[in-house]
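Colleague: just need the structure, nothing else, for what follows:
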Amino acid sequence: MFDINQIYKIDNFLTDEELATLQKYAQRYVWTFTGFSHDPNSRVFWKKDLMHDLGLCKPVESIFKNKIEQTFNIRVETKDLYMNGQAHGQCGSLHTDVTVDTDGDYLTMVFFPQPQWNPEWGGFTVIIDSAKNIHCIYPNPNSVVIFNSKSPHVGLEPTVHCNFQRISLAYKVKIIKE
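Modeller: Numbering: from 1, shown residues only. Next comes the predicted model:
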């Protein structure tokens, strides 16, 4: 049974076909140096906005929407969809995706599409749950972490040992109550 306060980590989240679809559509968007975690005056990193033309990116949105709905037997409404790219020195900041007093239940899904990752490269996602426990999520290729959007979290930068970007796809949804 689905629990909004549970942190779900799922490996091998997408099929090879779904990964190919994601890569095909994600290549159509340009990286801009406009990403930030919470405060626009904080560190900036790379971003690919996949929401600005959801018609073009509908196959990517459908993949993740269907996966969440089928995995947890819930209905969701898309709120945001984008990719982040972080190099060493481009750390995010601790933030929530919706405020604690926001009406409704919201989920944040962070997917790691890179084909390989090494623990010494860093790039972990840190999530603080409602009991103030700290969870450190390894960005395993083709894995996803799904959690309450009201939970503080941060995507950490890769270390100096990594010579490419830490890429993540963020999909944010509101749970539709029936």
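Colleague: centre-most residue in this protein?
Modeller: When CA atoms, centre = their mean is applied to the chain, the residue found nearest the centroid is Val110 (2.2 Å).
Colleague: state the distance from that residue to Asp101.
Modeller: Relative to Asp101, Val110 is positioned 23 Å away (CB to CB, to the nearest Å). From N, CA and C alone the C-beta is placed, and that goes for glycine too.
Colleague: follow-up on the earlier one: for the residue nearest to the centre of the chain, give the beta-bridge partners.
Modeller: Beta-bridge pairing for Val110 (DSSP bridges): Val145, Ala170.
Colleague: give the contact list for it.
Modeller: Val110 is in contact with 125, 137, 144-146, 155, 168-170, counting by CB atoms under 8 Å, 6 or more residues apart in numbering.
Colleague: the bottom helix or strand of this structure by mean pLDDT?
Modeller: strand 32-35 (a mean of 62; mean pLDDT, DSSP states H and E).
Colleague: and which of the contacts of Val110 is nearest Glu61?
Modeller: Leu169 (10.8 Å; CB to CB).
Colleague: what residues are up against that closest one?
Modeller: Leu169 neighbours (CB under 8 Å, 6+ apart): 22, 26, 50, 64, 81-84, 110-113.
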